[in-house]
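In: Got a predicted model here, sequence first, then my questions.
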There are 2 protein chains.
Amino acid sequence: MSGNAKPRATERVVAGKTRIQKENQTRILRAALDVFSESGFHGATLDRIASEASMSKPNLLYYFKSKEEIHVALLTDLLDVWLAPLREIRPDGDPVDEIGSYIRRKLDSSRSFPRESRLFANEILAGAPHIGDFLQTELKQLVEEKAAILQGWIDEGRMAPCDPRHVLFAIWSTTQHYADFSVQVRHVLGLGAGDKSYYDEAARMLDTLFLGQLISRPGSD
Amino acid sequence: MSGNAKPRATERVVAGKTRIQKENQTRILRAALDVFSESGFHGATLDRIASEASMSKPNLLYYFKSKEEIHVALLTDLLDVWLAPLREIRPDGDPVDEIGSYIRRKLDSSRSFPRESRLFANEILAGAPHIGDFLQTELKQLVEEKAAILQGWIDEGRMAPCDPRHVLFAIWSTTQHYADFSVQVRHVLGLGAGDKSYYDEAARMLDTLFLGQLISRPGSD
DNA sequence: TATCATTTTTACCGTTTGGTCAAATATCTT
DNA sequence: AAGATATTTGACCAAACGGTAAAAATGATA
């Protein structure tokens, strides 16, 4: 049933474990990512995760104590991936380069890890019951750090004056939209289920939007 | 328990029904919107909806045949609200005015109807099992119509050349983000649970982003 | 190959959940 | 007030669910 090689965000930290433990934990998390990202936490069932992992339910529960533990494990793995693109923003670069490549990294992440993105979106939509702490501490701190960089560019007159944190929100929402709302995007564009061709046009539009000027005001001609 | 007057998208079409039927259907839908938008379809239970509607579960099922029927009723009501701001875009207006006011309408909608927005987001994330048809027909058609207007502005040189449908995606994602991901927004900004003050700054930033120029390129000084 | 720890399975349990049914109660009409 | 209709409720059910216990099977080790 499974010989697939879909990309996954992480290969899970499983140090000091036996070969079988490593293999099975990976299989479980792989299957759980599929099921959780498709059906959400409450919509997912252990039976289906076990089935997709080609494993009996009690066997699955031998490796993870509970449904929630699997979910938390996936989310924990996710957070590093989520933060990585943001971490790379450098204060000494040019605004166009730094923001441009950040958008590209986020868009690539959205295209390469859509299930991870949907898992994250589901968690936030549900009120972030498991990662609320992460949002308030680690993410908040990193955002403040990077927002300070943008603020520096604003002070130098290289960026329009506005709250840099909201600029980050705009980048997050526009890029993640293509993973989280892919069904809507595909239906509106009239594309098939597996078609991801819209990412190229998305990248072009986002470049214009964030780095260029979308609307030519009268008199700039 | 409830004397609340939270704004709701619709007051539900209940023509030819008795007073009691109208009242109870409204009470049920009101409660269901709370529960579904907070917990998603699978996370919501009829017991909790009935409880929040101050009603017994069998009584609730006297008005709606199933859990799914309540969900579909809410989604159906939602679609008109969702489309309304888009419908108002006029071809004879100025790009700045039309897109600017569209963004404002969508942002207002996000602020006024966050539960509706989250309900919609949940449905899309789950693969749009109930409104897939709407997306492929009604929404697609309207998007094509409005995209043609934007394309006209592009052809006239009043907008940068890029797929107008993706511009709409960007407006949807950025505005809805403040409702769907409000937990993340608040945690990052360090705001309390009920605080919606960020909407003002969001409006400013979106104006700069879509109607102005975010990044000042060297030599424009 | 004998021993021990790890892994897997079978059978099962208590709870929750969406939903039913028939009886009881309230409301409306005449 | 009487009768018909609409509404509400308590008791209940089958299925699905997350999870457990203990035995059986497998793998590692000496």
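Out: Structure's in. What do you need? Residues are numbered from 1 along each chain as shown, chains lettered A, B, ... in the order given.
In: What's the local residue count around residue A:72?
Out: Counted with other C-beta atoms under 10 Å in any protein chain shown, the neighbours of residue A:72 add up to 14. Yep, even glycine has a C-beta here, placed from its N, CA and C like the rest.
In: tell me which element the residue sitting nearest the centre point of chain A falls in.
Out: For chain A, residue A:117 is the residue whose C-alpha lies nearest the centre (C-alpha atoms, centre = their mean; 3.6 Å). For residue A:117, the host element (DSSP states H and E) is helix A:114-125.
In: which residues are contacting the helix or strand harbouring residue A:76?
Out: If you go by DSSP H and E, residue A:76 is part of helix A:67-87. The contact list for helix A:67-87 (C-beta atoms under 8 Å, 6 or more residues apart in numbering or on different chains) reads A:9-10, A:12, A:28-29, A:32-33, A:36, A:41, A:44, A:46, A:49, A:64, A:102, A:105-106, A:109, A:113, A:116, A:119-120, A:123, A:130-131, A:134, A:138-139, A:142-143, A:146, A:168.
In: go with 6 Å
Out: For helix A:67-87, contacts defined as C-beta atoms under 6 Å, 6 or more residues apart in numbering or on different chains pick out A:9-10, A:32-33, A:41, A:46, A:64, A:102, A:105-106, A:116, A:120, A:130-131, A:134.
In: and it, is it in reach of DNA strand D?
Out: Yes - Helix A:67-87 is in contact with DNA strand D by C-beta under 7 Å from any atom of the strand, via A:67, A:68.
In: any idea how far the closest residue to residue A:158 other than its chain neighbours lies from DNA strand D?
Out: Among residues not flanking residue A:158 along the chain, residue A:95 sits closest, at 5.1 Å (C-beta to C-beta, 6 or more residues apart in numbering or on different chains). Here residue A:95 is placed at a distance of 47 Å from DNA strand D (C-beta to the nearest atom of the strand, to the nearest Å).
In: circling back: and the helix or strand following the helix holding residue A:76 with helix A:114-125, angle?
Out: Note on helix A:67-87: by DSSP H and E, the next helix or strand toward the C-terminus is helix A:95-112. Calculated by axes from the mean of the first three to the mean of the last three C-alpha atoms, to 10 degrees, helix A:95-112 forms an angle of 100 degrees with helix A:114-125.
In: what stretches of chain A score poorly on pLDDT?
Out: A:1-16, A:218-221 (pLDDT under 70).
In: what helix or strand is residue A:127 on?
Out: Residue A:127 is part of no helix or strand, with elements assigned from DSSP H and E.
In: Within range of DNA strand D, give me the residues from chain A.
Out: Going by C-beta under 7 Å from any atom of the strand, the residues of chain A near DNA strand D are A:18-20, A:44-47, A:57-58, A:61, A:65-68.
In: give the contact list for residue A:193.
Out: Counting by C-beta under 6 Å, 6+ apart, residue A:193 has no contacts.
In: Assign a three-state SS to it, would you?
Out: coil (DSSP: H, G, I helix; E, B strand; the rest coil).
In: thinking again about what came up before, and the helix holding residue A:76, does that touch DNA strand C?
Out: No - Helix A:67-87 lies apart from DNA strand C when judged by C-beta under 7 Å from any atom of the strand; the minimum separation is 12.2 Å.
In: can you give me the angle that helix makes with helix A:114-125?
Out: 100 degrees.
In: mind listing what's buried in helix A:67-87?
Out: With burial defined by 16 or more other C-beta atoms under 10 Å in any protein chain shown, the residues of helix A:67-87 counted as buried are A:67, A:70-71, A:73-75, A:77-79, A:81-82, A:85-86.
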